[in-house]
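> A predicted structure for the sequence below; I have some questions about it.
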Amino acid sequence: MTQPSPRGARGSAAGAAETRASTDQTEGGVPPTEVGIDIIETARIRAVLERHGARFLGRVYTEWERRYCRTNVLHLAGRWAAKEAVSKVLGLGVRGVGWREIEIRRTPYGQPIVVLHGRAEARRRHLGLVEPLSVSISHIKELAVAVAVGLRLGPA
């Protein structure tokens with residue numbers, strides 16, 4: 001019995017999905033969505049927090065985020081991953097916008113929401129992304145992960 005090649009493992013469903021993703025575009029060839037993802041080891045946030053404390057918190061997190069997270073490493077790591085994921089949606093990585101220009105708040109029901117400020121908000125508008133961007137955060141003791149999505153409205 002022969003083993004299927006990695007290319008052969010991409011059956012018709014995977015190939016069709018890949019084709020749809022590359023051809024479903026808004027007018028002008030721009031994709032209708034932007035997606036960003038990030039994962040971080042919570043130990044990295046814990047170590048920086050222990051070394052730099054308030055200085056680190058003040059550089060990266062907004063006042064609202066600091067009040068909400070306090071020194072809860074899981075919440076801080078989740079918001080770090082979310083900020084990174086949002087910056088990828090904006091096509092910037094972390095260059096071009098300040099950490100505090102991407103704010104991750106939460107609704108009264110606990111759902112994370114993205115609030116953009118300054119250059120991050122200007123970039124969202126420039127890209128034609130609908131407000132607000134969507135974000136989902138998850139974490140376990142060792143890891144925090146976030147996915148962010150920005151949508152463009154198609155032609156009316």
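Cool, the structure landed. The shown structure was predicted, so the numbers you read here are calculated from the model rather than taken from an experiment.
> Please tell me I have it right and residue 34 contacts residue 130.
No: with contact taken as Cβ atoms under 8 Å, residue 34 and residue 130 are classed as non-touching, separated by 10.8 Å. Where C-beta positions appear, they are placed from N, C-alpha and C, glycine not excepted.
> if you count what's nearby, which of these two comes out ahead?
Set residue 34 next to residue 130 and count neighbours by other Cβ atoms under 10 Å: residue 34 wins out with 21 against 11.
> For the more buried one, give me the pLDDT.
At residue 34, the pLDDT value in this model is 95.
> Then residue 30?
For residue 30, the model assigns a pLDDT of 71.
> what bridges to the closest residue in space to it that isn't next to it in sequence?
Of all residues not flanking residue 30 in the chain, residue 152 sits nearest, at 6.7 Å (Cβ to Cβ, 6 or more residues apart in numbering). Note on residue 152: beta-bridge partners residue 129, judged by DSSP bridges.
> which parts of stretch 108-122 are buried?
Within stretch 108-122, the residues that count as buried by 16 or more other Cβ atoms under 10 Å are 112, 114, 115, 116, 119, 120, 121.
> tell me, what's touching residue 34 and residue 130 both at once?
In terms of Cβ atoms under 8 Å, 6 or more residues apart in numbering, residue 34 and residue 130 are both contacted by the residues residue 150.
> Which residue would you name as the spatial centre of this structure?
residue 85 (2.1 Å; Cα atoms, centre = their mean).
> Assumed that residue was part of a helix.
Yes: under DSSP: H, G, I helix; E, B strand; the rest coil, residue 85 falls within a helix.
> Go ahead and produce CSV holding the CA coordinates of the helix ranked longest in the chain.
Criterion DSSP state H: the longest helix present in the chain is helix 42-60. The C-alpha trace of helix 42-60 is given here as CSV (Å, rounded to 0.1, in the frame of the first residue of the first chain):
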residue,chain,number,x,y,z
THR,A,42,2.1,33.2,29.5
ALA,A,43,5.5,32.7,31.2
ARG,A,44,6.9,35.5,28.9
ILE,A,45,4.3,38.0,30.1
ARG,A,46,4.9,36.9,33.7
ALA,A,47,8.7,37.4,33.4
VAL,A,48,8.4,40.8,31.9
LEU,A,49,5.8,41.8,34.5
GLU,A,50,8.1,40.7,37.3
ARG,A,51,11.1,42.6,35.8
HIS,A,52,9.4,45.8,34.7
GLY,A,53,6.0,45.9,36.5
ALA,A,54,4.2,49.2,36.2
ARG,A,55,6.5,50.4,33.4
PHE,A,56,5.6,47.4,31.2
LEU,A,57,1.9,47.8,32.0
GLY,A,58,1.9,51.5,31.2
ARG,A,59,3.7,51.0,27.8
VAL,A,60,1.5,48.2,26.5
